[in-house]
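*Asks:* Sequence first, then the predicted structure, then my questions.
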Number of protein chains: 4
Amino acid sequence: MAIRVALLGTKFMGKAHSQAYRNVNMYFPDAPQVEMKVIVGRNRRETKTARQLFGWQEASTDWRATVNRPDIDLVDISTPGDLHCEMAIEAARAGKHIVCEKPLANTLADAKKMLAAVEKAGVRHLLMHNYRRVPAVTLARQLITEGRLGRIYHFRARYLQDWAMSPDLHLVWRFSAASAGSGALGDLGAHIIDLGRYLCGEITEVAARLETFIKRRPAAPGSRQRQRVTVDDAAVMLARFRNGALGTLEATRFARGRKNQNTFEINGDKGSISFDLEHLNILKFYSVEEPAAVQGFHDILCVTKGVHPYADAWWFDGHILGYEHTFTHTIYDFLKALQSRKRIHPDFTDGVRNQAVLDAAARASASRRWVAVQ
Amino acid sequence: MAIRVALLGTKFMGKAHSQAYRNVNMYFPDAPQVEMKVIVGRNRRETKTARQLFGWQEASTDWRATVNRPDIDLVDISTPGDLHCEMAIEAARAGKHIVCEKPLANTLADAKKMLAAVEKAGVRHLLMHNYRRVPAVTLARQLITEGRLGRIYHFRARYLQDWAMSPDLHLVWRFSAASAGSGALGDLGAHIIDLGRYLCGEITEVAARLETFIKRRPAAPGSRQRQRVTVDDAAVMLARFRNGALGTLEATRFARGRKNQNTFEINGDKGSISFDLEHLNILKFYSVEEPAAVQGFHDILCVTKGVHPYADAWWFDGHILGYEHTFTHTIYDFLKALQSRKRIHPDFTDGVRNQAVLDAAARASASRRWVAVQ
Amino acid sequence: MAIRVALLGTKFMGKAHSQAYRNVNMYFPDAPQVEMKVIVGRNRRETKTARQLFGWQEASTDWRATVNRPDIDLVDISTPGDLHCEMAIEAARAGKHIVCEKPLANTLADAKKMLAAVEKAGVRHLLMHNYRRVPAVTLARQLITEGRLGRIYHFRARYLQDWAMSPDLHLVWRFSAASAGSGALGDLGAHIIDLGRYLCGEITEVAARLETFIKRRPAAPGSRQRQRVTVDDAAVMLARFRNGALGTLEATRFARGRKNQNTFEINGDKGSISFDLEHLNILKFYSVEEPAAVQGFHDILCVTKGVHPYADAWWFDGHILGYEHTFTHTIYDFLKALQSRKRIHPDFTDGVRNQAVLDAAARASASRRWVAVQ
Amino acid sequence: MAIRVALLGTKFMGKAHSQAYRNVNMYFPDAPQVEMKVIVGRNRRETKTARQLFGWQEASTDWRATVNRPDIDLVDISTPGDLHCEMAIEAARAGKHIVCEKPLANTLADAKKMLAAVEKAGVRHLLMHNYRRVPAVTLARQLITEGRLGRIYHFRARYLQDWAMSPDLHLVWRFSAASAGSGALGDLGAHIIDLGRYLCGEITEVAARLETFIKRRPAAPGSRQRQRVTVDDAAVMLARFRNGALGTLEATRFARGRKNQNTFEINGDKGSISFDLEHLNILKFYSVEEPAAVQGFHDILCVTKGVHPYADAWWFDGHILGYEHTFTHTIYDFLKALQSRKRIHPDFTDGVRNQAVLDAAARASASRRWVAVQ
């Protein structure tokens, strides 16, 4: 039985999610068949183009009507954060399974409403923190679960980009708290918080500093009128995990030369791992369980069939994968979960926990104190 | 007007080429539309499965009939090398444009016949040396063409794998001269010869050594019967280029730990570049034209929109691409070339030149002498 | 005229400083001649051995008498931190120039006393933060001073080791607040604070967390008796610099697999640099002033004669230097400064500033608040 | 009892060897004591300066008289290659132990004469192929000897520099066959041949190509008169080892951006290692004996006390060593061998074997054939 999908959103994330629905059955023959029913956007012409390019059967500009169509099983929300809450609640009420882009919502309160809605409706829900399904990250989790790192002492993560550094860049939606909730914190920080939770467990308290380096930007491209930026350009954070580990987290759009460096290192008493999204096929791993003379960080190229997560679906050993298949893997796992009726993470509960950390970070920065995550 | 494609081959390369036809229009809206008409294989059931998974309209087991269908514009030959010649000649006679997997043929004589056939028929032809269209490699070529390396002195390349090292691995078609022509030489060596020609020009003479480390293998999986391996496990080569540069080339299936390391370095008097397919989004570049104190090999992450080859089609800056899109890029360029009626490389003339080098290498190894490339 | 040196300390730092005095004139012929007069230690036999191995003329166990000898020009204090204050004040009173190992003192109050003493006495003083004179770090400073990074937004540094992770390791002096002042904070954190100050300017406020993962250790090797560890195993810190940059700093002895990873990255609006002491001959540098297509982090091997700091003194281009010569360079510069009577950094004023940051970090951790550096 | 040393040579190698004699007893207290008696050079003033800087007791311009002094135990020959033979024979006749810089001689015939002389005289002899005693290389040998790589299939090595690329560089002694014997081949190639022999065993046959890219150079700095370069700028080689392994070796002074990249990789059926002198503290190691999921090249930082070769002599774990201590280690081992009367490698027999490979390479290049090593 096919899963009939409606996708809300036609831009970057719409394209990325479309790719996953379009190709998942090619690489993962055991997944339920996807039917790409409808793509929904605000702009009629752009949505028609997206329909054609990405391969959806229909285009629509009415998300509410689409969400309520009886021939839709799954609603995928790939819109800016300020729309997530209303869309997810409507989709839940309509009894649809939901895939939602991160961050779950722009506020903790909204995130909680969304969770309540899906739980009340009894629908399945997935939060698209796609980096959990980078094969190297999935392997990292396996190694930790197997105890290969032992007790964990340190998690240090940073997500560095540099696209926002020009003062001439105008006030796109990501610079506005109204549409984006926060800046680097929610956009990039949410990813590394999710990885921290996935790999090291819950964060219990944080200290933080949010900074807006460029405080006013052109209202529109080329405009002389400057408007206030209402989100952070960078967010730095100290964290304490429930298991006693110390965390340092940094998210910024002002790291010149770092285009998409989502990198972390975890140190345990028996071993360490590190990862960098710009080299996403590699996991580095150190183990004290090897002979002393040869201990060193391994460069594990996580593309060996029969060995590494998701590798059987793809090409020969060592033929590397791109960014987009973090989505393919996630959608695959969600389709399988729909079939098997097993719970899958990250879901909206993870979204609420993540939002609680973001919320604590913002309060910690404002109050100049350590703040407990609620 | 759509280009109607028939694909011959359902295995690894059939899958890789299918991916390209399937997705090229999504990422490159300016390309002619592809119509995935027929996939052809020997085994009826496997071919039907491939049809469904990869997204072809029809499946067939009769390549000759398919090639001659009036509703086919383009024939893609993704079969083992011993079938290329006959198929290409038939397709040329039928007036179809041709995409052919490398190596063009198993012998220089066959390669020349194929070239003669496509030239006589006046059809367009592409040889799938996909690595020319790794963005980093395309950038390397641009830098060389712009004179950023100056006069070239050295080309050193190696293509290292390790899948053949177990003596228990049975006599798959790649170990047989009858089906594969040669071993590491034609399989891997052909790739780095093509890169050498693309980046440094023609090779005029070679010395070489072909070696078969494991001389007999099980006839079938688990079989006790051993049959002779008739191809090389490894091939090493010295080369001289027309421009005076020295080349060292090495292709092997016996480099433990190297899964798919296709790597080269080129040294010119003004700069150097290096590349490694296991990190395919990176080009390393050194230039003497920078201030002395900061000269060093740059790690160029070749995924910046508006800047790097093919980047506009994909994701945000720094979001890395996988192996498969070397095919997508090549098919894109070929589709554009069909439209514009411009010549595109590598084509069958490149295949003949490449085969001439392979042929010279085999003769050089046998004769223990330097041999001129004919 | 030779500089007659007395060295207090015979252990690791005594050896490292001895190396510098022993070899500085060989590599830097323009430096004043060093006369290695006396080495002073607590244990007579060990001190005699050190004298012979390291090449000092005399051995003594009486530091106070030695410091007051008329035939000594320079006193080098390479003892544990709790002895620095008294020794430095005595040496200053005796009119000797002083080299002091970092951290300057175990408390901010002591550091200030030491500074007052040397200023009153009018002697020259050097604080041995040797990493400023890693050629790559000196080059980093040059690039920043030349404006190659533009306005600085981020400083992120970590100093990671793993030697303290075994719970069986007994209570060496470094685990005791009485002798060491603090743990990872003063031992490792002081280094990266110094680098931050050297490269980005003054730190004005911090948030921090100090953690002792293993709270009790054997009193002596193999002992069953456990005593309390009174220093931190790890210290994490957020910092704000006077120039508006954000800092994240981490010092730990619990980073499995990291033996001596003192690493930092600095992001400015025009470029970025990064460094790792485990690869100390390399500086990585990114500049937006290069052509877009080739922008990337350069791997600068900082060993080119006529180009890189200190390189003329050593071997051919690309012949790498070891850790020990960070001391040789520092002593060279101090000898030259004694000759020229120019001020040199880092000196005791830097030590006081550094200690003020350490002090603020400890208070910030205890109070769970951001704290201003005094 | 001290070993009284005379050093012939005051330039780069004289300095490097002096460093070793000067410091070996500081770091290796168990070595016999060195007495730095005499340094010998052609130029009186330069030799006096060298004496003072490097720490020799006396300076001389008469090597023959010095070699015959009764108060000399060990003669170290650090002169250009054309002087080695006469000096070594004289020293052997005088009954002195000999350290000789590589290559042993400029011709195979001379090398054999030198070996005959030391064997006849019964003196101990060391050939200074210092890279065997890079700790990472020594570790590589240990791993191979322990069988961690299994049967070896491939040795690939290159030694790349770029100092000779300017056509304005005049005809220094290294460009003259009369003084240097050969160019990149003997200067750089000899090093990687030695490493190949050390790690993989004897080379039995070779194919090669020597190339002189810049055929005429200024007779003196700034001179308009051009003289012919009589040595190779680059040498490339294929080799077959006695154990069946294939080798590719490349030595060049025309690899722009490579200052001192002496790098090799060895592939065996159970594992692989690789090394790069520009990162000399690192050995990379891959083993199939580890769990499949974590197999990858380890970055072994070869500076752990109690674990890695020579590490106990130096600083704390992870504190890296420089190029110069490859000499210190070699001299240490030779001093110990003098004491214990055990044979040590590489010695003059290794020099003869090495020279036989160089000789075969030159003949192979000239004859355009594979040539057996005699």
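*Replies:* Noted; the coordinates are in hand.
*Asks:* which one is the residue located most distally from the centre of chain A nearest to, not counting chain neighbours?
*Replies:* Here the centre of chain A is the reference, and by Cα atoms, centre = their mean the most remote residue is residue A:293, at 38.9 Å. Counting by Cβ to Cβ, 6 or more residues apart in numbering or on different chains, residue D:307 is the residue found nearest to residue A:293 once chain neighbours are left out, at 5.5 Å. No exception for glycine: its C-beta is placed from N, CA and C like everyone else's.
*Asks:* Residue A:155 now?
*Replies:* residue A:247 (4.4 Å).
*Asks:* Then residue A:39?
*Replies:* Going by Cβ to Cβ, 6+ apart, residue A:39 has residue A:56 as its nearest residue, at 4.1 Å.
*Asks:* Quick check, residue A:137 in contact with residue A:273.
*Replies:* No. Residue A:137 is beyond contact range of residue A:273, at 9.5 Å (criterion: Cβ atoms under 8 Å).
*Asks:* any residues in contact with both of the two?
*Replies:* Shared contacts of residue A:137 and residue A:273 (Cβ atoms under 8 Å, 6 or more residues apart in numbering or on different chains): residue A:283.
*Asks:* More neighbours: which of those two?
*Replies:* Shown here are residue A:137 and residue A:273; by other Cβ atoms under 10 Å in any protein chain shown, residue A:273 has more neighbours (30 against 25).
*Asks:* for that one, helix, strand, or coil?
*Replies:* Classification of residue A:273 into helix, strand or coil gives strand, according to DSSP: H, G, I helix; E, B strand; the rest coil.
*Asks:* ok, back up a step: residue contacts, the residue nearest to residue A:39?
*Replies:* By Cβ under 8 Å, 6+ apart, the neighbours of residue A:56 are A:7, A:18, A:36-39, A:50.
*Asks:* so how far is residue B:262 from residue A:319?
*Replies:* Per Cβ to Cβ, to the nearest Å, residue A:319 is found 10 Å from residue B:262.
*Asks:* hang on, the earlier thing: does the residue nearest to residue A:39 lie in a helix or a strand, and which?
*Replies:* Secondary structure assignment for residue A:56, by DSSP states H and E: no helix or strand.
*Asks:* Look at it and report its pLDDT.
*Replies:* According to the prediction, residue A:56 has pLDDT 98.
*Asks:* Residue A:201 contacts residue A:240, doesn't it?
*Replies:* No. Using Cβ under 8 Å, residue A:201 is not in contact with residue A:240; the gap is 11.0 Å.
*Asks:* who has more neighbours, those two?
*Replies:* For residue A:201 versus residue A:240, the count of surrounding residues by other Cβ under 10 Å is larger for residue A:240: 20 against 16.
*Asks:* Grab the nearest non-local neighbour of the most centrally placed residue in chain A.
*Replies:* In chain A, the centroid-proximal residue (Cα atoms, centre = their mean) is residue A:129; its distance is 2.7 Å. The shortest distance from residue A:129 to any non-neighbouring residue, by Cβ to Cβ, 6+ apart, is to residue A:194 (4.2 Å).
*Asks:* what about that neighbour, how many neighbours?
*Replies:* With other Cβ under 10 Å as criterion, residue A:194 counts 24.
*Asks:* I'd like the next helix or strand past the helix or strand where it lies.
*Replies:* Taking DSSP H and E as the criterion, residue A:194 maps to helix A:190-200. Later in the chain than helix A:190-200, the nearest helix or strand by DSSP H and E is strand A:203-211.
*Asks:* Flag every buried residue along that next one.
*Replies:* A:203, A:205-211 (16 or more other Cβ atoms under 10 Å in any protein chain shown).
*Asks:* List just the nearest of those residues to residue D:234.
*Replies:* Proximity of those to residue D:234 (Cβ to Cβ) peaks at residue A:211, which lies at 52.9 Å.
*Asks:* Get me the contact residues on the stretch 151-300 of chain A for chain C.
*Replies:* Within the stretch 151-300 of chain A, the positions lying close to chain C (Cβ under 8 Å from any Cβ of the partner chain) are A:153-154, A:156, A:158, A:160, A:162, A:165, A:207-209, A:211, A:213, A:234, A:236-238, A:240, A:244, A:246-248, A:250, A:252, A:254-258, A:265, A:267-272, A:286, A:288, A:295-297.
*Asks:* repeat that for 7 Å
*Replies:* Taking Cβ under 7 Å from any Cβ of the partner chain as the criterion, the neighbours of chain C within the stretch 151-300 of chain A are A:153-154, A:156, A:158, A:165, A:207, A:209, A:211, A:213, A:234, A:236, A:238, A:240, A:246, A:248, A:250, A:252, A:254-257, A:267-269, A:271-272, A:286, A:288, A:297.
*Asks:* if I read this right, residue A:59 contacts residue A:51, doesn't it?
*Replies:* Yes. Using Cβ atoms under 7 Å, residue A:59 is in contact with residue A:51, at 3.8 Å.
*Asks:* who's more crowded, the two?
*Replies:* Counted by other Cβ under 10 Å, residue A:59 and residue A:51 do not tie: residue A:51 has more neighbours, with 22 against 19.
*Asks:* Buried residues, the worst-scoring helix or strand of chain A on mean pLDDT. List them.
*Replies:* When the helices and strands of chain A are compared on mean pLDDT, DSSP states H and E, helix A:177-180 comes out lowest with a mean of 90. Across helix A:177-180, burial judged by 16+ other Cβ under 10 Å covers A:177, A:179-180.
*Asks:* which one among the buried residues of strand A:203-211 gets closest to chain C?
*Replies:* residue A:207 (4.2 Å; Cβ to the nearest Cβ).
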